[in-house]
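> Structural data only, the sequence is not supplied:
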């Protein structure tokens with residue numbers, strides 16, 4: 001019979017190696033299960049705009065160092081004085097909203113996936129001259145707080161371009177037309193050459209037929225084809241927009257799909273001298289609401305001064321006519337306001353109607369000029 005006995009030295013070495021390998025592996029197993037908070041960064045594009053112009057803010061949440069997803073992402077981003085913000089989108093999930101008249105951006109309930117990044121976007125408008133510092137210092141997640149994130153919004157020093165747009169009216173029926181007005185302000189001390197931007201409309205807005213394009217902006221070429229969803233403005237002649245001057249560009253658009261459509265242009269650029277460096281003016285932002293005809297009341301509303309003219313201090317009759325043109329629908333809770341003093345200074349109501357509704361708030365002069373109480377209430 002053969003027998004073999006380990007020597008004490010070999011047993012000691014074997015146990016030492018087992019212990020040593022366990023020591024090396026234990027920390028890696030422990031730390032592999034503890035995720036690091038995601039890295040948060042902010043960037044503005046462009047980071048230099050004029051007063052009244054808008055820029056796009058991107059908040060990037062970086063989880064590339066972790067082998068698992070991180071949830072419960074949340075933060076707030078307060079705006080400095082003179083800056084407002086509008087929530088745009090999130091591919092981090094969660095809930096993104098603006099509060100306090102656009103002075104606070106709030107995000108909660110987000111998730112960033114395994115070894116990846118996600119982005120949160122918002123529109124930031126500069127209403128006073130910068131610089132303005134933006135800071136997120138309360139970003140948290142299920143693994144704890146992240147380091148603060150910073151960015152700065154600047155205003156250029158000499159060539160300062162304000163850029164905005166609006167729809168008139170900003171509420172149209174499906175197929176209805178609105179006038180889109182772009183306003184470019186040279187707010188600086190240098191002339192602005194080579195004005196340039198483009199604007200790709202959302203799916204609910206198209207250029208009308210005819211587009212009725214007009215402008216007093218110097219030195220530009222405008223491409224706007226009816227039925228399409230893009231306008232391009234490019235330099236044509238070396239004629240500047242002088243310092244301190246404002247110009248406008250208008251065209252007709254049509255609402256082609258129901259909904260509230262947010263329209264964001266590209267960055268307006270120009271140069272302070274021919275061959276000079278490009279200066280950013282920022283983005284122009286406006287909203288057009290298109291209403292489905294089935295949701296529009298079939299009502300006619302008119303008003304008429306029956307006794308016209310009347311002498312100062314005398315009374316006359318103001319007639320409001322509301323007609324329900326529908327053969328099938330009953331309309332309730334009709335409301336309207338009419339500022340009499342805005343029509344004619346000193347114009348007041350001296351009698352209230354006797355049937356049909358309620359006066360919520362009106363100036364009432366029962367003595368035809370002597371001054372009367374504020375009337376609130378209803379009548380039969």
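Great, that's in hand. If you're wondering where the values come from, they're calculated on a predicted model, not measured in any experiment.
> was I right about residue 181 contacting residue 248?
Yes: counting by C-beta atoms under 8 Å, residue 248 is a contact partner of residue 181 at 5.9 Å. C-beta coordinates here come from the backbone N, C-alpha and C atoms, glycine included.
> tell me which element the residue nearest the centre of the chain is part of?
The geometric centre of the chain, computed from its C-alpha atoms, lies nearest to residue 86 (C-alpha atoms, centre = their mean), at 3.9 Å. Taking DSSP states H and E as the definition, one finds residue 86 inside strand 83-90.
> Hey, what's the angle from the helix or strand just after that strand to strand 83-90? Just curious.
Later in the chain than strand 83-90, the nearest helix or strand by DSSP H and E is strand 93-99. For strand 93-99 and strand 83-90, the angle between their directions (axes from the mean of the first three to the mean of the last three C-alpha atoms, to 10 degrees) works out to 160 degrees.
> list the helices and strands strand 93-99 packs on?
Counting contacts by 3 or more C-beta pairs under 8 Å, 6 or more residues apart in numbering; DSSP states H and E, the secondary-structure elements packed against strand 93-99 are strand 83-90, strand 104-112, strand 117-126.
> Out of those strands, which is the most enclosed?
With neighbours defined as mean count of other C-beta atoms under 10 Å, the helices and strands packed on strand 93-99 peak in mean count at strand 117-126, which reaches a mean of 21.
> Now do the buried residues in the helix or strand following that strand.
Reading on from strand 117-126 to the C-terminus, the next helix or strand found by DSSP H and E is strand 132-136. Residues of strand 132-136 classed as buried by neighbour count (16 or more other C-beta atoms under 10 Å): 132, 134, 136.
> Quick check: residue 333 is in a strand.
No: per DSSP: H, G, I helix; E, B strand; the rest coil, residue 333 lies outside any strand segment and is coil.
> Next, it: phi, psi?
phi 60, psi 40 (degrees, to the nearest 10).
> Count residues in the vicinity of it, would you?
Residue crowding around residue 333 was assessed by other C-beta atoms under 10 Å; the count is 5.
> With the one 10 residues further on instead?
Using other C-beta under 10 Å, residue 343 is surrounded by 11 other residues.
> swap in the one 4 residues further on?
The number of residues packed near residue 347 is 15, by other C-beta under 10 Å.
> pLDDT wise, what is it at?
Looking at residue 347, its pLDDT is 79.
> between the helices and strands packed on strand 93-99, which gets nearest to residue 272?
Evaluated with C-beta to C-beta, the helices and strands packed on strand 93-99 place strand 117-126 nearest to residue 272, the distance being 19.5 Å.
> centre of the chain versus stretch 61-81, how much separation?
Per C-alpha atoms, centre = their mean, to the nearest Å, the displacement of stretch 61-81 from the mean C-alpha position of its chain is 22 Å.
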